[in-house]
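[1] need a 3D model of the following:
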Amino acid sequence: MSVPAGPHAWRRLAPPTEEPTVLAVDDQSAVTVDVEHLVHLTIEVLRAEEVVGPAELSLSFVDDDTIAGCNRRFLDGDGPTDVLAFPIDPTDADAQGDVPRLLGDVMVCPAVAERQAAERGGRTGDELALLVIHGVLHVLGMDHAEPGAAAAMQARERELLARFHQGDER
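    Got it, this is the predicted structure:
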């Protein structure tokens, strides 16, 4: 099977490991994203949430139009949003053989993150880190539909952010 070439092609270069794997793509150009840091952050969050064995999560940074289209298609939402999460297998089931457990996809829009950071007087890099953590927690089954669940999720986000993200200069 051939893998398409190009700057945004996904390619497995090694067999899955016992550590979580994050497949990342920056498919937007509006905001500079420290993809390496956010991949490392994602791996640390997965470890902290006790994701063990071979597991994969995809992390995509997309533009306003792409996330607005997904928001409309999958959530009946209107316009661009900051983060979307699509869980695939959030269970604790062990992966079998060399096949990793597919956790899901997290899609973040850096342009929305930049606008939100400006509105809150914060930094874009910090907002991106929070959104990545938020999306990963959603993929792992956390939700904020009910007030108690929302408070628990926000507390966990703050804890993970403080533990694994030192802040960003931007």
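[2] pull out the buried positions in the longest helix anywhere in the chain.
    Counting residues, the longest helix found in the chain (DSSP state H) is helix 147-164. Across helix 147-164, burial judged by 16 or more other CB atoms under 10 Å covers Met153, Arg156, Glu157, Leu160, Leu161, Phe164. From N, CA and C alone the C-beta is placed, and that goes for glycine too.
[3] distance of the second one relative to His144?
    In this structure, Arg156 and His144 are separated by 11 Å, where distance is defined by CB to CB, to the nearest Å.
[4] helices or strands next to the longest helix of the chain in the packing?
    Applying 3 or more CB pairs under 8 Å, 6 or more residues apart in numbering; DSSP states H and E, we find helix 147-164 packed against helix 35-48, helix 124-139.
[5] any chance of these in CSV with mean pLDDT as columns?
    Shown next, in CSV, are those (pLDDT from 0 to 100):
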stretch, mean pLDDT
helix 35-48, 95
helix 124-139, 97
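[6] ok, the buried residues of helix 147-164 vs Val31, which is closest?
    Nearest to Val31 among the buried residues of helix 147-164 is Leu161, at 18.9 Å by CB to CB.
[7] ok so, going back, for the longest helix of the chain, what is the average pLDDT?
    Across helix 147-164, pLDDT averages out at 93.
[8] quick one: contacts for the spatially closest residue to Thr81 that is not a sequence neighbour?
    Leaving aside its sequence neighbours, Thr81 sits nearest to Asn71 (CB to CB, 6 or more residues apart in numbering; 4.8 Å). By CB atoms under 8 Å, 6 or more residues apart in numbering, the contact list for Asn71 reads Gly77, Asp78, Gly79, Pro80, Thr81, Leu84.
[9] what about Asn71, helix or strand, and which?
    helix 64-75 (DSSP states H and E).
[10] now the helix or strand just after that helix against helix 64-75, angle please.
    The element immediately downstream of helix 64-75 (helix or strand, assigned by DSSP H and E) is strand 83-87. Inter-element angle recorded for strand 83-87 and helix 64-75: 40 degrees (by axes from the mean of the first three to the mean of the last three CA atoms, to 10 degrees).
[11] in three-state terms, label Glu56 for me.
    strand (DSSP: H, G, I helix; E, B strand; the rest coil).
[12] before we move on, the earlier item: any idea which of the helices and strands packed on helix 147-164 is most buried?
    Neighbour counts (mean count of other CB atoms under 10 Å) averaged over each of those peak at helix 124-139, with a mean of 24.
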